[in-house]
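Participant: Sequence and predicted structure, then a few things I'm wondering about:
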Amino acid sequence: MILLSGFEPFDGDAANPSWGAVRVARDILRAEGLEVEAVELPCVFGESAQELRQQIARLQPDLVICAGLASGRERLSLERVAINCDDARIPDNAGKRPVDDEVVPGGPAAYFSTLPVKAALRALQIAGLRAEVSQTAGTYVCNHVFYALMHHLATEAPGTRGGFIHVPREPQEGIPGGMSLQDMGEGIAVVVLTALATAQDLKFSAGAVLLPASLPGAAPR
């Protein structure tokens, strides 16, 4: 069982592409014969993590990948590190705006993703999808969910792997950049399939956005 999550709209937006993208990924993966569920999380500190934990308890997934929007980025961002810090630039959808609070009081300072992020980066680039390994998921609700997920897996479900992907905004007329929901969903599906097929991650530098020139890959789209 694979569990995917995206977020409801926030900050006055009409839609959140992370939720549309995980539904596209769900349908692609189901067409491959995999058992996949997608859930929409509230963009609220505390409630989002609680809902995710409840879905994990209900579904008992082998793999959990959460997605969220990073509108200032132009690539799918494979997040490497979740930190134990809530520090909100804007209020969440319930009006909460924590500052320098711990996600889990007394928890570790950080958790690493248990996804094969380097192998996934290579697979995304070969598929022609813009991607990067990111070293920060921020301190808003996305990082809150990412940290809560990894803490839950580490303490309650150590056999389950998980991680977080930030998606860009959708294309907007007159504004360069953005990524289609179809490409985002295909990218999330690539990460899922890579995780299922990869027991040990690759090792190469991902400090730069693009893969080393020696690795094959299609032109980014």
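Facilitator: Noted; the coordinates are in hand.
Participant: residue contacts, the nearest residue to Val167 once chain neighbours are set aside?
Facilitator: Leaving aside its sequence neighbours, Val167 sits nearest to Met184 (Cβ to Cβ, 6 or more residues apart in numbering; 4.7 Å). (Glycine included, C-beta is placed from N, CA and C.) Counting by Cβ atoms under 8 Å, 6 or more residues apart in numbering, Met184 touches 17, 20-21, 24-25, 76, 167-168.
Participant: what ranges do the strands span in the chain?
Facilitator: For the chain, applying DSSP state E gives strands covering 2-7, 36-41, 63-69, 76-79, 81-83, 110-112, 131-134, 161-167.
Participant: need those in CSV with mean neighbour count, can you?
Facilitator: Output for the strands of the chain, formatted as CSV (neighbours: other Cβ atoms under 10 Å):
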stretch, mean neighbour count
strand 2-7, 25
strand 36-41, 20
strand 63-69, 27
strand 76-79, 26
strand 81-83, 21
strand 110-112, 16
strand 131-134, 22
strand 161-167, 27
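Participant: Kindly present the ones you listed as a markdown table, with separate columns for mean pLDDT.
Facilitator: Below are these laid out as a markdown table (pLDDT from 0 to 100):
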| stretch | mean pLDDT |
| --- | --- |
| strand 2-7 | 98 |
| strand 36-41 | 98 |
| strand 63-69 | 98 |
| strand 76-79 | 98 |
| strand 81-83 | 98 |
| strand 110-112 | 98 |
| strand 131-134 | 97 |
| strand 161-167 | 98 |
